[in-house]
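K.L.:
Whatever this is, show me its structure:
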Amino acid sequence: MAAKTFNQLEEIYHRPIFQLLDQARAVFRANWTDNTIQLCTLLSIKTGGCSEDCAYCAQSSHYHTGVQREELLGLDVILAHARRAADSGATRFCMGAAWKGVREGTPRFEQVKVIISEVAKLGMEVCVTLGELTEKAAEELKAAGVTAYNHNLDTSPEFYPNIVTTHTYADRLRTIRAAQKAGMDVCCGGILGMGETVSDRLRMLEVLTGFDPAPESVPINCLVGIGGTPLAGAEPVGIFDLLRMIATARVALPRTKVRLSAGRSCLTREGQAMCFYAGANSIFYGGKLLTTPGPAEDEDLTLIRELGLTPLEPKKACLNDLHTANPQQRGGRP
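P.N.:
Numbering: from 1, shown residues only. Model prediction:
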């Protein structure tokens, strides 16, 4: 896939919206032969007390948001959540930890690797977001069973210093390169509604299209303003802005999953349907994204069914892991 220039992305984004949606749908149908939606469940395994100052984040220790600091959850607690996710139809289990990063050789890192290896036995894809990585840490996470690493760009390189000052855009890119070098898929997207311009959104897409290989998935988040954070009073993202971003991402990244992420609970059913039409084919599923709400599972399944869509099945490799795992670790799945 050839990288897109900013000018190319700008031309796509600003087309008349029906023309843009038609183009995005044509690209989707040429590259995705079914009507499946990937269901991903996200769990915060270590909440609050983060040293980073991301202006959108309820878990930053720099802000007073009411989120209480919690230590790393125990293995049994995490496995119970993972089994429930598998039983409810999720094919990817994502685990997020509020810290700057993890380093190989530390007790915390060894504990996380054990958690990953046990979750991997349940037959789902395992995605983690643990902050910054060294190349060695990335290799060890891959060996433990991680299939995808989430590390969002958030916004453009130019706007990024307005959102985060405790690490740089280059730090983000370094972690992404380490994850890809280790053989993990990369889940990497951004957040709309932080005060950025349309040009910032397209610059972020320009960076994403330059990844080699392309990101496996691109989460598109709409800011959920959290009281106590600098962005608490930000203006909500309009549905047409969201549709344009999804459609442009679909055209620019034909074989990448485009995931509706944070802020989806603020969308109408009709708005979500249009996002799927524009090329979104993945959602976070399960009623909660780290610290912000999402639609209830039954609401999502009802909408998916009414739209004639079907939940994606686990990858064959994950199913093979499930069949060979200890039956007591299968969470009741056949």
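K.L.:
how far does the helix or strand E270 falls within sit from the chain's center?
P.N.:
Here E270, judged by DSSP states H and E, is contained in helix 269-278. Mean-position distance between helix 269-278 and its chain equals 18 Å (CA atoms, centre = their mean, to the nearest Å).
K.L.:
same check, this time on stretch 28-41
P.N.:
Distance, stretch centre to chain centre, for stretch 28-41: 16 Å (CA atoms, centre = their mean).
K.L.:
hang on, the earlier thing: quick one: name whatever helix or strand follows the helix holding E270.
P.N.:
strand 282-284.
K.L.:
mind listing what's buried in that following strand?
P.N.:
282-284 (16 or more other CB atoms under 10 Å). C-beta: built from backbone N, CA, C; applies to glycine.
K.L.:
That strand pairs with which strands, and in what direction?
P.N.:
Strand pairing for strand 282-284, using DSSP bridges, gives strand 36-46 (parallel), strand 257-260 (parallel).
K.L.:
Among those, which comes closest to A30?
P.N.:
A30 lies closest, by CB to CB, to one member of the strands paired with strand 282-284: strand 257-260, at 14.8 Å.
K.L.:
So what touches stretch 194-208?
P.N.:
Residues outside stretch 194-208 that contact it (CB atoms under 8 Å, 6 or more residues apart in numbering): 3-6, 9-10, 13, 55-56, 153-159, 162-163, 188-190, 192, 214-215, 218, 223, 231, 234, 241, 245, 248-249, 252-253.
K.L.:
Apply 6 Å and report the result again.
P.N.:
Applying CB atoms under 6 Å, 6 or more residues apart in numbering, the external contacts of stretch 194-208 come out as 6, 9-10, 153, 155-156, 159, 163, 190, 215, 223, 231, 245, 252.
K.L.:
And the furthest pair within those residues?
P.N.:
L231 and A252 (26.2 Å).
K.L.:
who's more crowded, the two?
P.N.:
Neighbour count, other CB atoms under 10 Å: between L231 and A252, A252 has more, with 25 against 19.
K.L.:
any idea of the pLDDT on the residue nearest to R269 when sequence neighbours are not counted?
P.N.:
Nearest residue to R269, sequence neighbours excluded (CB to CB, 6 or more residues apart in numbering): L303, at 5.7 Å. Among the per-residue scores, L303 shows a pLDDT of 93.
K.L.:
Can you name the helix or strand that L303 falls in?
P.N.:
helix 297-306.
K.L.:
okay, that helix in PDB with CA atoms only?
P.N.:
Taking Å, rounded to 0.1, in the frame of the first residue of the first chain, the C-alpha atoms of helix 297-306 are listed here in PDB:
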ATOM      1  CA  GLU A 297     -23.700  -5.400  24.800                       C
ATOM      2  CA  ASP A 298     -27.300  -6.300  24.000                       C
ATOM      3  CA  GLU A 299     -27.800  -2.900  22.300                       C
ATOM      4  CA  ASP A 300     -24.700  -3.500  20.100                       C
ATOM      5  CA  LEU A 301     -25.800  -7.100  19.200                       C
ATOM      6  CA  THR A 302     -29.300  -5.900  18.400                       C
ATOM      7  CA  LEU A 303     -28.000  -3.100  16.100                       C
ATOM      8  CA  ILE A 304     -25.600  -5.500  14.400                       C
ATOM      9  CA  ARG A 305     -28.300  -8.000  13.700                       C
ATOM     10  CA  GLU A 306     -30.800  -5.300  12.400                       C
END
